[in-house]
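Participant: have a look at this prediction, sequence included:
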Amino acid sequence: MAEHKVFCVKLKKELPGLDELPFDTELGQKIYDNVSLEAWKGWTEFCKMLLNEYRLNPARREDQAAIVKQMEQYFFGEGAAPPKEYVPPAK
């Protein structure tokens, strides 16, 4: 089977896409069609930071909505900004 390629909206170049829809929604299809695997990996790291900084619980419906909103901004909006209080780890 041929590799799924997309023109990534985040990285602005053609790259390998996700192997499957990340979730079965309209947004999931939009991500599958427009987001590269590389950009998705960037989102997962950014999402971990959001979960930790905002103390979000992915099992809570209101926290799920906040995560989805941030995801839409990250890929299709102005970009998601880290929390004001966020301090990146020292390298």
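Facilitator: On my side now, so go ahead. Quick caveat: nothing in here was measured; it's all calculated off a predicted structure. Residues are numbered from 1 along each chain as shown.
Participant: all contacts plus neighbour counts: C-alpha atoms, from now on.
Facilitator: Fine.
Participant: count of residues packed around A39?
Facilitator: 19 (other Cα atoms under 10 Å).
Participant: which ones are touching the nearest residue to it once chain neighbours are set aside?
Facilitator: Leaving aside its chain neighbours, A39 sits nearest to K10 (6.4 Å; criterion: Cα to Cα, 6 or more residues apart in numbering). By Cα atoms under 8 Å, 6 or more residues apart in numbering, the contact list for K10 reads 35, 39, 75-76.
Participant: wait, which of those residues is closest to L56?
Facilitator: Closest approach to L56 among those (Cα to Cα): F75, at 19.9 Å.
Participant: quick one: that closest one from P89, how far?
Facilitator: 24 Å (Cα to Cα, to the nearest Å).
Participant: what's the answer for K12, then?
Facilitator: In terms of Cα to Cα, K12 sits 27 Å off from P89.
Participant: which of those two has more neighbours?
Facilitator: It is K12, of K12 and P89, that has more neighbours when counted by other Cα under 10 Å, with 12 against 5.
Participant: mind checking the SS state of that one?
Facilitator: Following DSSP: H, G, I helix; E, B strand; the rest coil, the label given to K12 is coil.
Participant: distance of it relative to Y54?
Facilitator: Applying Cα to Cα to K12 and Y54 gives a distance of 29 Å.
Participant: need the helices for the protein, in chain order.
Facilitator: With helices called from DSSP state H, the chain shows them at 26-34, 37-53, 61-76.
Participant: these: which one's closest to P83?
Facilitator: Across the helices of the chain, closest to P83 is helix 37-53 (Cα to Cα), at 7.2 Å.
Participant: export the helices of the chain to CSV and tack on mean pLDDT and distance to L18?
Facilitator: CSV is the format used below for these (pLDDT from 0 to 100; distance: least, Cα to Cα, whole Å):
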stretch, mean pLDDT, distance to L18
helix 26-34, 96, 6
helix 37-53, 94, 5
helix 61-76, 93, 14
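Participant: closest one to E3 among those helices?
Facilitator: helix 37-53 (11.4 Å).
Participant: quick one, that closest one and helix 26-34 angle?
Facilitator: 140 degrees (axes from the mean of the first three to the mean of the last three Cα atoms, to 10 degrees).
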